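Engineer: I would like the atomic coordinates for the input below:
(2 chains)
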Protein chains: 2
Amino acid sequence: MVNKIFVGLIGYGTVGSGTVETLIDNQTTIFEKTGVELVVKTVCDLRIDELKSDEYVKRIPVHTKNVDDVINDPEISIIVELIGGYEPARTFIIRALEAGKHVVTANKALMAVHGPDLYKAAQKTGTVIGFEGSVGGGIPIIRVMKEDMAGNNIESFKGIMNGTANYILTEMEEKGTDFDTVLKDAQQLGYAEADPTFDIEGIDTAHKAAVLASIAFSTLVPFEKIYTEGISSIKPVDIEFAKKLNCRIKLLAIAKKHEDDIEVRVHPTIIPNSEMLAQVSGVFNAIEVQCDKLDKTLHYGRGAGAEPTGSAVVGDIIAIARDIKSGGSKRVPVLGFNKEYTYYYPVRDINDIESSYYLRFSAVDETGSFGTIASVLGKHGISISQAIQTSAHNPGNTVPLVLMTHKVEGRNVTKAVEELGKLDVIQDETVVIRVEGLE
Amino acid sequence: MVNKIFVGLIGYGTVGSGTVETLIDNQTTIFEKTGVELVVKTVCDLRIDELKSDEYVKRIPVHTKNVDDVINDPEISIIVELIGGYEPARTFIIRALEAGKHVVTANKALMAVHGPDLYKAAQKTGTVIGFEGSVGGGIPIIRVMKEDMAGNNIESFKGIMNGTANYILTEMEEKGTDFDTVLKDAQQLGYAEADPTFDIEGIDTAHKAAVLASIAFSTLVPFEKIYTEGISSIKPVDIEFAKKLNCRIKLLAIAKKHEDDIEVRVHPTIIPNSEMLAQVSGVFNAIEVQCDKLDKTLHYGRGAGAEPTGSAVVGDIIAIARDIKSGGSKRVPVLGFNKEYTYYYPVRDINDIESSYYLRFSAVDETGSFGTIASVLGKHGISISQAIQTSAHNPGNTVPLVLMTHKVEGRNVTKAVEELGKLDVIQDETVVIRVEGLE
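Structural biologist: Sure, this is the predicted structure:
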């Protein structure tokens, strides 16, 4: 009977410390729930000398800078990788799996870009790789899709999957401040990193969307095929117009399964306040899932942070510990389905994806402007569902004109906006934001 | 290698048909996810003769009215009980477990009241009893608590767990209609049963709270100790006052773990609109959970219905099928923790539970009324955080006076209201509604 399982940790940063704190603080609870004593035996970190005074690190018996001390330790059965980035994380995980260790990681960038290598290594060696913490931080969603929703065809999901971006959009809305100011404040408060590119440009969200879409749609999803647009160009004026429409602007990952392909995209999106997703504010995240039988669900919580993400990592460790203790193996496939991990469902090009649109033009305030714009849109098959024009009458100068469209393919909008850009009636660049849930 | 698992179904009602539809419609998907063919071999229902023309029933090989044909069939390894109620459901499940069958049920009344008998039977026989569908319909919450949150101490949860009650409150709020009218409409639309007692009086919610609190707090919870108050006495005027406070009235199950005891209670509750729970409208359900590490999460979806609940039942069937296929056994304890199922954490009496309150008095409109009321409240240790008096000045007649209190024990409110009821300054009965999340 297995009563003690040894865990080795590679990378003692934010999530690493949250994981260790959870395992140590809640040791009794975890024992009560699993019947197994989970012991963090070894911590490996290049900064281990600086970390030695940390009260939790002190309670871990073995400290090392050498990853071999973790990977080659026959007593360790679960290795937790929390160094982040592509390399050497990828190599370490593959070596660990090949050494017969189970692996837990929260590394979304790695899973999104090199996931298939890791899935195949786990499949070949009969080991488990858990990565619940890589999507939605602490929010239970990966196991939910792989287990609770296993009787369903998952048709689509929409998610707010980056706390920094959602915090910035919430602050811009509540305070009426512009993007740069809010970003600077967020950096000072520690809600945004010094280099915030991955968060604000949607790359982090796209990593998570790639991982989640793989599980949702039972396919590999090549990360580079995900259309990704960030929030750095969102202006207070657009947030104000959204308000007039009883809507909010959120950075969403949207993924849908069609008959012959899937769509996966990340971009600022206007959604009605009546949607639960619109109510997700600040650093919180949420993922809405649509299944054929279960219908709509929403899963909300902290998408980042030491302890919430640590909790997801510990959930994976516990799942593996229960597998070991129960004597079962390969209970749930790594992506939740039993196909060879070589199968790529086609990803629809962003130009072929239908959406409703919000278009804000800087239009010259003169008779006929609206007609000119509407006729160019019409020529490209774009029909208008609603127009908002500010009341100011300001002949000869530009006024913002907002047009909401019915559903149309992306390429039509691109072409129409390009053509309109050449006309004198339009000044400045036209703002294009996709809309979900209004029709 | 197990490639085919036979399922027997007892009770082909709403959830039974949703379960069979899910298993049959999504057979290919389920096979892809489990590597196992799940075959519904036998359906047992007293109305089997009437059901024979049902297109799904036609596809089940064995039809019977005799439960022995399911329980004694050596080929069947998973039995699904969906007849509801206490008996004969309890006897059937215990017989099935004793016959070495795994059992899946969505029977919340049974689990709440006779759960311990079933848990013990499952523990003794080394079988699994799954009951994800018994709480929150299709919303993944039981497995989430038992697995994803296993590294946490769950501190509390609050839930909207009855779709009928939430639909009625939502309609009352949106249409300004009174309870009886909305209930009648709901019955005509099929959202409320002919005898709606369990739903509107909070009993169904209390059943679910008992089951969920057992898992959340690692204890058995005696159902009869749960304070339960329904929504039938909620008046449009109270919904209007709640609106003025930027709040809504919801029927909540509230459960909290304290150092020496737990509290579990079901009652109409005033919550601020800024809470995600306040945004849950119509027949939808949601459960908010507070963990020590994961922090706050919310789990939202359909709390009832054939296919959503069927999806939860199928999720449990799949989990058992994966256990069987992987060769593991007793992977996760029935309530998620490994204690003897004889342990009852004390349940705090409703009179000892602290809460903020909304008190609506029918006060005689005369100088000194407010002072009289405030001084009686003060005598009982109740301090007022906010007062709303309608503007109408109507000397000698009664006007509604709403007082919001700071946190105070239930017994103090009961005593104060009783004492005030004897005074001339108060006409009619005083309305008492608990408040969460305002301070």
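Engineer: who's in contact with the one residue in the stretch 251-400 of chain A that gets nearest to chain B?
Structural biologist: Using C-beta to the nearest C-beta, residue A:328 is the residue of the stretch 251-400 of chain A that sits closest to chain B, at 2.1 Å. Where you see a C-beta, it was placed from the backbone N, CA and C, and this is true even at glycine. By C-beta atoms under 8 Å, 6 or more residues apart in numbering or on different chains, the contact list for residue A:328 reads B:323, B:326, B:327, B:328, B:329, B:331.
Engineer: show me where pLDDT drops low in chain A?
Structural biologist: Low-confidence segments of chain A (pLDDT under 70): A:391-393.
Engineer: try 90 this time
Structural biologist: For chain A, applying pLDDT under 90 flags the ranges A:1-2, A:123, A:190-191, A:327-330, A:338-344, A:363-370, A:389-399, A:427-428, A:438-439.
Engineer: Can you name the residues of the stretch 1-150 of chain A sitting close to chain B?
Structural biologist: A:18, A:21-23, A:25-26, A:29-30, A:32-35, A:132, A:138-140, A:143-144, A:146-150 (C-beta under 8 Å from any C-beta of the partner chain).
Engineer: so which strand or helix has residue A:140?
Structural biologist: Assigned by DSSP states H and E, residue A:140 belongs to no helix or strand.
Engineer: pretty sure it is touching residue B:298, no?
Structural biologist: No: the criterion here is C-beta atoms under 8 Å, and residue A:140 misses it with residue B:298 at 11.3 Å.
Engineer: Mind checking which of these two has more residues around it?
Structural biologist: Using other C-beta atoms under 10 Å in any protein chain shown as the criterion, residue A:140 and residue B:298 rank with residue A:140 on top: 28 against 25.
Engineer: Tell me who's in contact with the more buried one.
Structural biologist: A:132, A:299, A:312, A:315, B:140, B:144, B:148, B:149, B:297.
Engineer: Just the ones in strands from those residues, please.
Structural biologist: A:299, B:297 (DSSP state E).
Engineer: which two in the contacts of residue A:140 are spaced the farthest apart?
Structural biologist: A:312 and B:140 (14.8 Å; C-beta to C-beta).
Engineer: C-terminal to the host helix or strand of residue A:205, what's the next element?
Structural biologist: Assignment of secondary structure by DSSP H and E places residue A:205 within helix A:203-217. Once helix A:203-217 ends, the next helix or strand along the chain (criterion: DSSP H and E) is strand A:227-228.
Engineer: Relative to the whole chain's centre, how far out is that next one?
Structural biologist: The gap between where strand A:227-228 is centred and where its chain is centred comes out at 12 Å by C-alpha atoms, centre = their mean, to the nearest Å.
Engineer: Show residues contacting it.
Structural biologist: A:201, A:202, A:203, A:205, A:206, A:264, A:265, A:266, A:267, A:350, A:353.
Engineer: Please enumerate the strands of the stretch 1-150 of chain A.
Structural biologist: A:4-10, A:37-44, A:62-64, A:76-81, A:102-105, A:129-130 (DSSP state E, counting those that start in this stretch).
Engineer: Could you list every helix and strand that the fifth one packs against?
Structural biologist: Spelled out, it's strand A:102-105. Counting contacts by 3 or more C-beta pairs under 8 Å, 6 or more residues apart in numbering or on different chains; DSSP states H and E, strand A:102-105 packs against strand A:76-81, helix A:89-98, helix A:108-125, strand A:129-130, helix A:306-326.
Engineer: Next, count neighbours for residue A:100.
Structural biologist: Residue A:100 has 11 nearby residues by other C-beta under 10 Å.
Engineer: which ones are touching it?
Structural biologist: A:125, A:127.
Engineer: how much space between it and residue A:389?
Structural biologist: 67 Å (C-beta to C-beta, to the nearest Å).
Engineer: list the residues that contact both of residue A:140 and residue B:298?
Structural biologist: Contacts common to residue A:140 and residue B:298, judged by C-beta under 8 Å, 6+ apart, are residue A:299.
Engineer: Grab the nearest non-local neighbour of residue A:185.
Structural biologist: With sequence-adjacent residues excluded and distances taken as C-beta to C-beta, 6 or more residues apart in numbering or on different chains, residue A:185 is closest to residue A:171, at 7.2 Å.
Engineer: Off-centre distance for the one helix or strand the one you found maps to?
Structural biologist: Element membership of residue A:171 [criterion: DSSP H and E] is helix A:163-175. Once both centres are worked out by C-alpha atoms, centre = their mean, helix A:163-175 turns out to sit 16 Å from its chain's centre.
Engineer: same check, this time on stretch A:334-348
Structural biologist: 19 Å.
Engineer: Any idea how far apart the tips of stretch A:145-155 sit?
Structural biologist: 12 Å (C-alpha to C-alpha, to the nearest Å).
Engineer: Closest residue of the stretch 151-300 of chain A to chain B?
Structural biologist: residue A:151 (3.3 Å).
Engineer: That residue: what's it in contact with?
Structural biologist: Neighbours of residue A:151 in contact, by C-beta under 8 Å, 6+ apart: A:293, B:22, B:23, B:26, B:29, B:30, B:310, B:311, B:314, B:315, B:317, B:318.
Engineer: Okay, the residue lying closest to residue A:113 once chain neighbours are set aside and residue A:194: tell me how far apart.
Structural biologist: Closest residue to residue A:113 apart from its sequence neighbours, by C-beta to C-beta, 6+ apart: residue A:223 at 5.2 Å. Residue A:223 sits at a distance of 24 Å from residue A:194 (criterion: C-beta to C-beta).
Engineer: Those two - which one has more neighbours?
Structural biologist: residue A:223 (21 against 5).
Engineer: wait, that one sits on residue A:208?
Structural biologist: No: contact criterion C-beta under 8 Å: residue A:223 and residue A:208 do not qualify, at 10.6 Å.
Engineer: Mutual contacts of the two, please.
Structural biologist: Common neighbours of residue A:223 and residue A:208 (C-beta under 8 Å, 6+ apart) are residue A:112.
Engineer: Can you classify the residue of the stretch 251-400 of chain A closest to chain B as helix, strand or coil?
Structural biologist: coil (DSSP: H, G, I helix; E, B strand; the rest coil).
Engineer: Which of the residues of the stretch 1-150 of chain A next to chain B fall within helices?
Structural biologist: Among the residues of the stretch 1-150 of chain A next to chain B, the residues falling in helices (DSSP state H) are A:18, A:21, A:22, A:23, A:25, A:29, A:30, A:32, A:33, A:34, A:143.
Engineer: would you list these in JSON lines and tack on neighbour count?
Structural biologist: Listed next are those as JSON lines, based on neighbours: other C-beta atoms under 10 Å in any protein chain shown:
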{"residue": "A:18", "neighbour count": "25"}
{"residue": "A:21", "neighbour count": "18"}
{"residue": "A:22", "neighbour count": "28"}
{"residue": "A:23", "neighbour count": "25"}
{"residue": "A:25", "neighbour count": "17"}
{"residue": "A:29", "neighbour count": "18"}
{"residue": "A:30", "neighbour count": "23"}
{"residue": "A:32", "neighbour count": "16"}
{"residue": "A:33", "neighbour count": "26"}
{"residue": "A:34", "neighbour count": "25"}
{"residue": "A:143", "neighbour count": "23"}
